[in-house]
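*Asks:* Here is the input, now give the coordinates:
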Amino acid sequence: MKRKDFLKKICISGICACSGSAFLSQNEAIADDNQKAQNEDWRLGFARARYTELMRILQSKLSNKEFDQIIQALGRECSAKVGFIQNYKGDIDGYLKELKSRWNEDSTYDQEKGIITVASQEKKACACPLIDTEKVSDEVCNCSLGWQKQTFETVLEKKVDVKIKESIIRGGNKCVFEIKILA
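*Replies:* Alright, predicted model coming up:
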């Protein structure tokens with residue numbers, strides 16, 4: 001017996017047809033969401049493969065300096081699109097707390113030295129969903145370097161220098177960045 005027929009048969013006294021159709025609609029919506037998720041998973045894998053190939057092509061056609069400039073600009077652009085960062089202009093302590101609550105990233109801030117260290121939790125893959133950790137070159141990490149520069153320059157309202165201390169793509173088990181505030 002189909003679910004729809006079953007609901008029609010039990011629809012007596014206090015249960016109206018609207019309840020049954022709402023129930024069916026909800027189940028159909030869940031099924032649609034599951035199908036969309038499966039399709040998106042396929043598309044994400046496809047996008048990841050295409051992005052990896054794009055990075056390989058760019059690296060083969062550009063000088064190291066040009067590729068680095070482009071990939072850092074890409075990271076900066078990605079950061080600039082994250083709306084909540086703007087809420088923390090001039091509030092480094094608030095932003096570091098937000099990093100902890102939002103992404104469970106650990107950070108320290110040595111005010112005397114003007115150095116902030118940000119570390120992700122241990123993981124096997126890059127935080128960027130477009131990165132195939134095992135197939136991209138180490139230089140792709142400079143996208144994250146650009147992201148950190150843009151983010152901390154926005155929050156601090158000062159120029160910064162960023163160094164990658166550890167990264168998953170470069171063989172680490174987490175990503176660690178050192179942000180130095182420039183005078």
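*Asks:* quick check: domain ranges of the protein?
*Replies:* The chain breaks down by automatic domain parsing into domains covering 1-7+17-61, 68-181.
*Asks:* Near residue 139, how many other residues are there?
*Replies:* 17 (other CB atoms under 10 Å). From N, CA and C alone the C-beta is placed, and that goes for glycine too.
*Asks:* Make sure it is actually in contact with residue 71.
*Replies:* Yes - counting by CB atoms under 8 Å, residue 139 does reach residue 71; the two are 6.7 Å apart.
*Asks:* Once you drop chain neighbours, what's closest to residue 76?
*Replies:* Leaving aside its chain neighbours, residue 76 sits nearest to residue 150 (3.9 Å; criterion: CB to CB, 6 or more residues apart in numbering).
*Asks:* now that neighbour, what's its secondary structure?
*Replies:* For residue 150, the assignment made with DSSP: H, G, I helix; E, B strand; the rest coil gives helix.
*Asks:* I'd say it and residue 80 touch.
*Replies:* Yes - the pair residue 150 and residue 80 passes the contact test of CB under 8 Å, sitting 5.9 Å apart.
*Asks:* Looking at the two, which is more packed in?
*Replies:* The neighbour comparison of residue 150 against residue 80 (other CB under 10 Å) goes to residue 150, with 23 against 14.
*Asks:* low-confidence ranges in this protein?
*Replies:* The model of the chain has pLDDT under 70 over residues 1-40.
*Asks:* do that again at 80, thanks
*Replies:* Counting by pLDDT under 80, the chain contains low-confidence residues at 1-41, 183.
*Asks:* That one: helices as residue ranges?
*Replies:* Using DSSP state H, the helices of the chain run over 3-10, 17-61, 64-80, 92-103, 142-156.
*Asks:* Tell me who's in contact with the nearest residue to residue 95 once chain neighbours are set aside.
*Replies:* Sequence neighbours aside, residue 88 is the residue nearest to residue 95 in space, at 3.8 Å (criterion: CB to CB, 6+ apart). Residue 88 is in contact with 94, 95, 98, 154, 155, counting by CB atoms under 8 Å, 6 or more residues apart in numbering.
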